[in-house]
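Engineer: I would like the atomic coordinates for the input below:
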Amino acid sequence: MIKSNSESGTSLRHVVKILNAEVLTGEEPLDQTVQHVECTDLMSQVLAFIKSGNLLLTGLTNIQVVNTADISGLIGVVFVRGRSPSKEVIAKAKEVGLPLFLTSYSMYEAAGHLYLNGLPGSTE
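Structural biologist: Predicted coordinates:
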């Protein structure tokens, strides 16, 4: 178990290790700090409630995920259940500088692993 201090967060690099994730884009900013994790497939919820700097776990793999994450200022997106996005989605993420990751864990499992390693969900 890779523990982090929830007050100081943990790096995207540790998230990759915790989730045994593949880095699809964003190899350079892996030392950015994640403070909170959010889980949803509703991009309207991201726009309405999720704060910039948070990490998103989602099962959606379409271009709207990248557009919404970019507008919302998210630190990155983890695609769950091994559902890989298209080349178009990956290209758009590279264009806007958004780190994308892929894990075989379900959303529930991924959130649980991150929580057990000190990354809380947002309290708001």
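
Engineer: list the contacts for the residue most central in space within the chain?
Structural biologist: With distances taken as CA atoms, centre = their mean, residue 77 lies nearest the centre of the chain, 3.0 Å away. Applying CB atoms under 8 Å, 6 or more residues apart in numbering, we find residue 77 in contact with 55-58, 65-66, 69, 93, 98-101. The C-beta positions use only the backbone N, C-alpha and C, and glycine is treated the same way.

Engineer: Tell me the bridge partners for it.
Structural biologist: residue 56, residue 100 (DSSP bridges).

Engineer: Quick check, pLDDT for it.
Structural biologist: Each residue has a pLDDT score; the one for residue 77 is 97.

Engineer: next one: residue 46
Structural biologist: With respect to pLDDT, residue 46 has a value of 90.

Engineer: now it, nearest residue through space, not along the chain?
Structural biologist: residue 68 (5.1 Å; CB to CB, 6 or more residues apart in numbering).
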